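**Q** Based on what follows, work out the 3D shape:
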Amino acid sequence: MSAEQASHESHASTRLIDAYARGDTEIAADTLWALEAHLEACAPCRGRLAASVATGAPGVAALVDTVRASLEPRLDAAVPMPSRRYRPRWVSAWVTPVMAPWLAMIVAVVAVALLLDAVGSTAFGAASPELLIAPVLPLCAVAASWSRGLDPAHELTASTARAGLPLLLRRTTSVLAVVLPVLLVQGWLTGAMTVAQWLLPSLAFTATALALGSFVGVTRAAAGLVVAWGVVLAAPAWDAGRVPVLLRPDQLPVWGALLVLGIGAVIARRRAYSSL
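**A** Presented below is the predicted three-dimensional model:
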């Protein structure tokens, strides 16, 4: 059964379920991923798997029964934890538990840049502080949304059947949904930058970070791009008091091409994200 067959409503074959129950190591990685994702949503196939384990792998069934018999008395005697504040399931599917402080920090950075522009700071010369940070600001949140050190459940999340590119794209979308409107409002309030000057570079940087992340990890890729932007373009522009050359309107085709290349690389490397 192919990955496409397992991801649809059709049920998994008996042969594949039996091989999975036996722990067959010859099952292809994409087929294994698709089967586990299918089992999450298909109760009949989970029932067939349980029956297959009982008949084809009695040692596993015996081990599960032993563990259950050992845990049940402890679970009955355990003190229940106080219920947490209600959180819809879709929130956990789109953001990590630690994203709120980081998004708040990014919004605070935007507010500081807005304050500098409002008081007429001359430290940046003709280069608006908002314009210098806007292209790479989403990268900070993207890096935080998929950081091993910032997400206490990273290993558990990354090992699930539905991890990989879909989860990464959901978290990236949630980041952009917060950061981009803030930058849009900031640009509208100050008039220091037009949407065309920062929106396309922001999207191009994000796509490039995701593409490079398939090789070196998303956090490393995002951090590297932020440092490269600061050292190569932002710092010299600040020192010279002028707008970076790459943020001028005539450079938009370059950013558009970079965005297309980044999206193409993400699509071409889509299978690599399940092993990050």
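**Q** so who does the residue nearest the centre of the chain touch?
**A** The centre of the chain sits closest to residue 168, judged by Cα atoms, centre = their mean, with a distance of 2.8 Å. Contact partners of residue 168, counting by Cβ atoms under 8 Å, 6 or more residues apart in numbering, are 146, 210, 213, 218, 273, 276. (C-beta placed from N, C-alpha, C; glycine too.)
**Q** what's the nearest residue to the second one if we skip its chain neighbours?
**A** Ranked by Cβ to Cβ, 6 or more residues apart in numbering and with sequence neighbours excluded, the top spatial neighbour of residue 210 is residue 266, at 5.1 Å.
**Q** distance of the one you found from residue 141?
**A** Residue 266 sits at a distance of 18 Å from residue 141 (criterion: Cβ to Cβ, to the nearest Å).
**Q** Could you do residue 42 as well?
**A** Distance, residue 42 to residue 141, by Cβ to Cβ: 35 Å.
**Q** Show me which of those two is the more surrounded one.
**A** Neighbour count, other Cβ atoms under 10 Å: between residue 42 and residue 141, residue 141 has more, with 23 against 18.
**Q** from what I can see that one touches residue 178, true?
**A** Yes - if you go by Cβ atoms under 8 Å, residue 141 and residue 178 touch, sitting 7.3 Å apart.
**Q** What are the phi and psi values at residue 27?
**A** When read as degrees, to the nearest 10, the backbone of residue 27 gives phi -70, psi 130.
**Q** OK, contacts around it?
**A** Neighbour list for residue 27: 16, 19, 20, 35 [criterion: Cβ under 8 Å, 6+ apart].
**Q** Now intersect the residues you listed with the helices, please.
**A** Counted as lying in helices by DSSP state H, out of the contacts of residue 27, are 16, 19, 20, 35.
**Q** Most neighbours among those residues, which one?
**A** Busiest of these [other Cβ under 10 Å] is residue 35, holding 26 neighbours.
**Q** Quick check: most distant residue from the centroid of the protein.
**A** Distance from the C-alpha centroid of the chain peaks at residue 55, with 40.1 Å (Cα atoms, centre = their mean).
**Q** For that one, give me the pLDDT.
**A** pLDDT recorded at residue 55 is 84.
**Q** Could you say which helix or strand holds it?
**A** For residue 55, the enclosing helix or strand under DSSP states H and E is helix 43-56.
**Q** mind listing the helices for the stretch 1-150 of the chain?
**A** Counting by DSSP state H, counting those that start in this stretch, the stretch 1-150 of the chain has helices at residues 3-7, 14-22, 29-41, 43-56, 58-77, 89-94, 99-118, 129-133, 137-145.
**Q** now for the ones you listed, which one comes closest to residue 242?
**A** helix 129-133 (10.8 Å; Cβ to Cβ).
**Q** ok, then the element right after the longest helix along the chain?
**A** Assignment by DSSP H gives helix 165-190 as the longest helix of the chain. Beyond helix 165-190 in the direction of the C-terminus, DSSP H and E gives the next helix or strand as helix 195-216.
**Q** counting contacts, what elements does that following helix pack onto?
**A** helix 129-133, helix 137-145, helix 165-190, helix 218-229, helix 252-268 (3 or more Cβ pairs under 8 Å, 6 or more residues apart in numbering; DSSP states H and E).
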